[in-house]
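Asker: test case, fold it:
(chains A and B)
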2 protein chains.
Amino acid sequence: MSKQITFVTGNKNKLREVIAVLTNNTTNPNKDPTTPQETTAQIGKYTLTNQKLDLDELQGSINEVTIHKARQAAKIIGGPALVEDTCLAFNALNDLPGPYIKWFVDKVGLEGLNKMLVGFDDKSAKAITTFGYCESADENAEVLLFQGITEGNIVKSRGPTDFGWDSIFEPNGFETTYAEMKGVEKNKISHRSKALAKLKTFLLENDK
Amino acid sequence: MSKQITFVTGNKNKLREVIAVLTNNTTNPNKDPTTPQETTAQIGKYTLTNQKLDLDELQGSINEVTIHKARQAAKIIGGPALVEDTCLAFNALNDLPGPYIKWFVDKVGLEGLNKMLVGFDDKSAKAITTFGYCESADENAEVLLFQGITEGNIVKSRGPTDFGWDSIFEPNGFETTYAEMKGVEKNKISHRSKALAKLKTFLLENDK
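Answerer: Below you'll find the model as predicted:
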C-alpha cells in the first residue's frame, strides 16, 4: 500500500523542482504544471503530495531550523511530513546569512547582497538545501536530514530574478548563474537536487 | 500584595543594567552584584525576579520575535513574564541584521560587521530593545511591548568588547562608543533604558 508523505511548501517553483528531480522528469520544471503528475510524485511505496502550512522558523543552525519545522509539520499533519530549508552561506561571513537569506533577499535585495561583500576578498558561497523528514507526530520524533551543497560565487545579478537569489549565484565550473540555466541543467548540479538524490535513495531503499 | 514578574535572561550584564535603570541605582551597573538589591527590584506593587530559560527565538520582525518569546515564557513560568530582545539595525541593510545580530557578532565578529558596510555610504544604525510583558499562560495572551530606540553609527571597535556589539556602536551626539561609556552615562541614553522607562511607567501606573 502506498504511504503518503506531505511536502510542506507554498512555493510552486520549489514544488515543481522537487517533483522534477524525484521523478527524473526532463520537461522544463519552470513551466506551469498542467498535469497532476507534476504536483504529485510516486517514489517506491511513497506518494508525495503537497500542502501549504505556516510553520515556525526558528533562529539557529540550518539543521536546528529544519528539525524544528519537520516535527511541527508532522504534528499538524498527523503523519509523515517533509520540509525543506534553503540557505545561502557566504564563506566570508562564516556561513551567514545562511538560514536568514530570505530576509536579506527581501530587505537588502540582490544588489545589496553583493554590496555586503565589497569589503571582503572572498566572494565564494555555498548553496545548501536540507530536507527534513519526520514520520511521527511525537514531540521528540526522529527527523532524518538529507542535505545537498553546491559551491559557487556571489556575482552581480544575471538572468531572471523571480526565484530568490538564483541570479546572483554562479556555481563553480559554470559561467552562468542558476537563473541563467535551464531547469534540467540546474537540476543536474543544484544543491536541492543533491539533497533530493539522497532523499530519493532513502525512499527507494525503504520500499519493502 | 506584591506581584512577582519573572524577567527571563541568562545574561548577568543585561540583568544588572535592567535593575539599575528600574531602580534608579546610580552605582556602576557593570560591577558584580554583591547585594540582593542588585538582582531583584521592587517597582510599585511588582517584584522583579530573574530566571534563565531556554526560549525559542523565531525568525521574523523584532515584535514577532518578542511576542512569541513572552508567551512561551509566561506558559513555562505559569505567570507574569518579562522578556527582552535587542536588535542592531543597519539602515543601509533596511534594518538587518536586526534580530539576527547576535549570530552576526558570533560568526562574523565586530570587524566583519564593519566590513559588511564597506560597500555602503550609510553607516548609520539603530539600537533597539523591545521588552515583552505577558501576564498569562494562555496561548494567545496579550503581550505588551515597550520599545526604545537609540540612533547612531557603526564604527571600528573601541572600548571593552565583552558586551555584544557595544564597542562598534557610537550613539548620535557622542564621540564615545557604548563600550567606552560609564554605565550611568550609557543608561541615560541607551535604547534599553528608553524601553525600560516605558516599562517602569506602566508598572507604576498599574500600582493600584
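
Asker: give me every residue that touches residue A:68.
Answerer: By CB atoms under 8 Å, 6 or more residues apart in numbering or on different chains, the contact list for residue A:68 reads A:56-58, A:60, B:56. The way it works is simple: take the backbone N, C-alpha and C, and place the C-beta from them, glycine included.

Asker: same question but for residue A:134, I mixed them up
Answerer: Shown in contact with residue A:134 (CB under 8 Å, 6+ apart): A:70-71, A:73-74, A:80-81, A:83, A:141-144.

Asker: pLDDT score for it?
Answerer: pLDDT, residue A:134: 96.

Asker: which of the contacts of residue A:68 sits closest to residue A:156?
Answerer: Nearest to residue A:156, judged by CB to CB, of the contacts of residue A:68 is residue A:57 at 28.7 Å.

Asker: hmm, back to that, of the contacts of residue A:134, grab the buried ones for ChimeraX.
Answerer: Provided next is the ChimeraX selection string for whichever of the contacts of residue A:134 are buried by 16 or more other CB atoms under 10 Å in any protein chain shown:
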select /A:70,71,73,74,80,81,83,143
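
Asker: and the least confident of the contacts of residue A:134?
Answerer: Among the contacts of residue A:134, residue A:141 has the lowest pLDDT, at 90.

Asker: let me see the backbone angles for it.
Answerer: Note on residue A:141: backbone dihedrals following degrees, to the nearest 10 are phi -60, psi 150.

Asker: relative to residue A:67, how far out is it?
Answerer: Per CB to CB, to the nearest Å, residue A:141 is found 10 Å from residue A:67.

Asker: which SS class is residue A:113?
Answerer: Assigned by DSSP: H, G, I helix; E, B strand; the rest coil, the conformation of residue A:113 is helix.

Asker: returning to what we had before: now go through the contacts of residue A:134 and say which are in strands.
Answerer: If you go by DSSP state E, the contacts of residue A:134 have A:81, A:83, A:143-144 in strands.

Asker: between these, which is nearest chain B?
Answerer: residue A:83 (14.2 Å; CB to the nearest CB).

Asker: what's near enough to touch the closest one?
Answerer: A:7-9, A:55, A:66, A:69-70, A:73, A:131-132, A:134.

Asker: chain A: strands as residue ranges?
Answerer: With DSSP E as the criterion, chain A has strands at A:3-8, A:41-43, A:46-51, A:81-90, A:97-98, A:124-134, A:143-154, A:169-171.

Asker: out of these, flag the one nearest residue B:15.
Answerer: That would be, of the strands of chain A and by CB to CB, strand A:97-98, which comes in at 29.7 Å.

Asker: so how far is the closest one off the chain centroid?
Answerer: For strand A:97-98, the separation from the chain centroid amounts to 14 Å (computed by CA atoms, centre = their mean, to the nearest Å).

Asker: do the same with stretch A:107-116
Answerer: Here the centre of stretch A:107-116 is set off from its chain's centre by 21 Å, with CA atoms, centre = their mean.

Asker: so which bits of it are buried?
Answerer: A:108-110, A:112-116.

Asker: got it, and stretch A:171-185?
Answerer: Within stretch A:171-185, the residues scored as buried using 16+ other CB under 10 Å are A:171, A:177-181, A:183.

Asker: output those as JSON lines; include the columns distance to residue B:200 and pLDDT.
Answerer: Converted to JSON lines, the buried residues of stretch A:171-185 look like this (distance: CB to CB, whole Å; pLDDT from 0 to 100):
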{"residue": "A:171", "distance to residue B:200": "54", "pLDDT": "98"}
{"residue": "A:177", "distance to residue B:200": "53", "pLDDT": "98"}
{"residue": "A:178", "distance to residue B:200": "52", "pLDDT": "96"}
{"residue": "A:179", "distance to residue B:200": "52", "pLDDT": "96"}
{"residue": "A:180", "distance to residue B:200": "57", "pLDDT": "97"}
{"residue": "A:181", "distance to residue B:200": "57", "pLDDT": "96"}
{"residue": "A:183", "distance to residue B:200": "58", "pLDDT": "82"}
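
Asker: which one of the ones in strands among the contacts of residue A:134 is nearest residue A:18?
Answerer: So of those, ranked by how close each gets to residue A:18 (CB to CB), first place is residue A:83, at 11.4 Å.

Asker: all helices of chain A, in order?
Answerer: Under the criterion DSSP state H, chain A contains helices at A:12-22, A:62-77, A:101-107, A:109-115, A:183-189, A:191-205.

Asker: let me have those in TSV, extended by distance to residue B:103.
Answerer: TSV is the format used below for those (distance: least, CB to CB, whole Å):
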stretch	distance to residue B:103
helix A:12-22	24
helix A:62-77	12
helix A:101-107	12
helix A:109-115	17
helix A:183-189	29
helix A:191-205	21
